[in-house]
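Asker: Any chance you can model this:
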Amino acid sequence: MTKVPILLTQKNSIVKGFTLIELMIVMSIVALLTGLVGPLAINSLEKAQAKEEMLSMKNWLRKISYRAFATGQAYTVKLAGKNIALHSNDDMQTAIVDKNFESLFFQPQELIYNEKGFVSPPSLVGSYRGNTLTVDLAQWVNGESANNDNE
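Answerer: Have a look, this model is predicted:
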């Protein structure tokens, strides 16, 4: 027996690769999934940053309480809009610390820390990510309540 060479016609040829239409369909599916998942990921990141900002403010208010107690000096915290400033009661013109927030907003108000580290008024009103926020300073700073459900 002799071997007969096989000639492949165009119909029988082996094609490797993808057509342009197949690539466009896959790219469309990837773009659709990215369009759906992307905003959710960005929203989660913004929520995490806002929560970190809230916890940072909480810790900062506690540190001022400790500072007032340790130094035996009274302090005033002035809140206005997205700005918060710490002033010594000896020098109300110069801010010791001046911070700005992204997701917290406060109406103009003052918090007064006495020499023992206690703060008044007992609550702070503002907004957090567009929602009304009422902070119980008696719990956050003064530690008068053992209930930590709001943290």
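Asker: got any ranges where the protein has weak pLDDT?
Answerer: 1-15, 143-151 (pLDDT under 70).
Asker: Quick one: residues contacting the residue nearest to the spatial centre of the chain.
Answerer: In the chain, the residue lying closest to the centroid (Cα atoms, centre = their mean) is Gln49, at 1.5 Å. Contacts here follow Cβ atoms under 8 Å, 6 or more residues apart in numbering; on that basis Gln49 touches 102-103. Every C-beta, even on glycine, is put in place using the N, C-alpha and C of the backbone.
Asker: what's the helix or strand for it?
Answerer: Secondary structure from DSSP states H and E places Gln49 in helix 20-71.
Asker: which of the residues in the helix or strand that that helix is followed by are buried?
Answerer: Using DSSP H and E, the next helix or strand after helix 20-71 towards the C-terminus is strand 75-81. Across strand 75-81, burial judged by 16 or more other Cβ atoms under 10 Å covers 75, 77-79.
Asker: Pull the distance from stretch 71-83 to the chain's centre.
Answerer: Put simply, stretch 71-83 sits 22 Å off its chain's centre (Cα atoms, centre = their mean, to the nearest Å).
Asker: Residues contacting it, please?
Answerer: So stretch 71-83 is contacted by 61, 64, 67-68, 84-90, 92, 96, 98-102, 104-115, 124, 126 (Cβ under 8 Å, 6+ apart).
Asker: Is it possible to get JSON lines of the buried residues of strand 75-81 that adds distance to Val26?
Answerer: Below are the buried residues of strand 75-81 laid out as JSON lines (distance: Cβ to Cβ, whole Å):
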{"residue": "Tyr75", "distance to Val26": "61"}
{"residue": "Val77", "distance to Val26": "56"}
{"residue": "Lys78", "distance to Val26": "57"}
{"residue": "Leu79", "distance to Val26": "53"}
